[in-house]
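>>> Sequence plus the predicted model coming up.
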Amino acid sequence: AQTVTQSQPEMSVQEAETVTLSCTYDTSESDYYLFWYKQPPSRQMILVIRQEAYKQQNATENRFSVNFQKAAKSFSLKISDSQLGDAAMYFCAYDRDDKIIFGKGTRLHILP
Amino acid sequence: DTEVTQTPKHLVMGMTNKKSLKCEQHMGHRAMYWYKQKAKKPPELMFVYSYEKLSINESVPSRFSPECPNSSLLNLHLHALQPEDSALYLCASSQDAALPWGGASGSSGANVLTFGAGSRLTVL
């Protein structure tokens, strides 16, 4: 069965610095999708970035980028130039054959 | 502004009450979902409504019942809830279906979910 593991329950980063959130997953499939969702306190969950497993190029969205290591089944999220608005719970998610699995989340604190 | 609208934002109910949570989307998405989220936990999928079919997580108690009046609305009816049902209930939609219990919908994957702001439910 597929699993998604986020090993860092909480992290802190100084404003304007760079932080990396880790995510590993377990699957026997070769074609799937990976996502990072962000859930700010008392606000709705939104998509941050997504990666298609068959694409070798790492996805980027402005200050957000991923390091996708397919062989290692690793999908980390890098946030550059951290801003106070980046403070949130971040969930890594796996999607294959319409089966979405979320990790337990990492709470990110931004220190002013 | 959210494109998935949930009402009410907060609901307090007794264990004998009957209430409903409402969810509406105007993006033309063909799939809608209800998730339950406890504090500091990931969302847990409860129901999926897609292509006029309802898929149910078998672990969800019958005191929760979904209703889909049309393709843009997905309500969640609540009856005889327990205090442990207190949680944030999230509605989401996607262009195609995501069925976590198997059974391909025929979509190509990458079911990006658009979430509502949630309905915070407290059962006394």
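Right, received. Where do you want to start? Residues are numbered from 1 along each chain as shown, chains lettered A, B, ... in the order given.

>>> Tell me which residue in chain A sits closest to chain B.
Residue of chain A nearest chain B, by CB to the nearest CB: A:Phe102 (3.8 Å). Where C-beta positions appear, they are placed from N, C-alpha and C, glycine not excepted.

>>> packing partners for the longest strand anywhere in chain A?
The single longest strand within chain A, with elements called by DSSP state E, is strand A:88-96. Counting contacts by 3 or more CB pairs under 8 Å, 6 or more residues apart in numbering or on different chains; DSSP states H and E, strand A:88-96 is packed against strand A:3-5, strand A:33-39, strand A:74-79, strand A:99-102, strand A:106-111.

>>> do that again at 6 Å, thanks
Applying 3 or more CB pairs under 6 Å, 6 or more residues apart in numbering or on different chains; DSSP states H and E, we find strand A:88-96 packed against strand A:33-39, strand A:99-102, strand A:106-111.

>>> Can you tell me which of those strands has the worst average pLDDT?
When the helices and strands packed on strand A:88-96 are compared on average pLDDT, strand A:99-102 comes out lowest at a mean of 84.

>>> Pairing partners for that one, with directions?
Sheet pairing of strand A:99-102 (DSSP bridges) gives strand A:88-96 (antiparallel).

>>> what residues does the partner strand touch?
Here strand A:88-96 makes contact (CB atoms under 6 Å, 6 or more residues apart in numbering or on different chains) with A:2, A:4, A:6, A:21, A:23, A:25, A:29, A:32-40, A:100-103, A:105-108, B:42, B:109, B:111.

>>> follow-up on the earlier one: per-residue confidence averaged over the longest strand of chain A?
Mean pLDDT, computed over strand A:88-96, is 93.

>>> now the angle from it to strand A:74-79?
Here strand A:88-96 runs at 150 degrees with respect to strand A:74-79, directions being taken by axes from the mean of the first three to the mean of the last three CA atoms, to 10 degrees.

>>> Could you tell me how far strand A:88-96 lies from the centre of the chain?
6 Å (CA atoms, centre = their mean, to the nearest Å).

>>> Please apply the same query to stretch B:23-35.
9 Å.

>>> Keeping just the C-alphas, turn it into PDB.
What follows is stretch B:23-35 as a C-alpha-only set of coordinates in PDB (Å, rounded to 0.1, in the frame of the first residue of the first chain):
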ATOM      1  CA  CYS B  23     -20.900  23.300  -0.100                       C
ATOM      2  CA  GLU B  24     -21.100  25.000  -3.400                       C
ATOM      3  CA  GLN B  25     -18.700  25.400  -6.300                       C
ATOM      4  CA  HIS B  26     -19.000  27.300  -9.600                       C
ATOM      5  CA  MET B  27     -16.000  26.100 -11.400                       C
ATOM      6  CA  GLY B  28     -17.700  23.400 -13.400                       C
ATOM      7  CA  HIS B  29     -15.800  20.700 -11.600                       C
ATOM      8  CA  ARG B  30     -17.200  17.300 -12.000                       C
ATOM      9  CA  ALA B  31     -16.200  15.900  -8.600                       C
ATOM     10  CA  MET B  32     -16.900  17.100  -5.100                       C
ATOM     11  CA  TYR B  33     -15.600  15.700  -1.700                       C
ATOM     12  CA  TRP B  34     -16.100  15.900   2.000                       C
ATOM     13  CA  TYR B  35     -13.100  15.600   4.300                       C
END
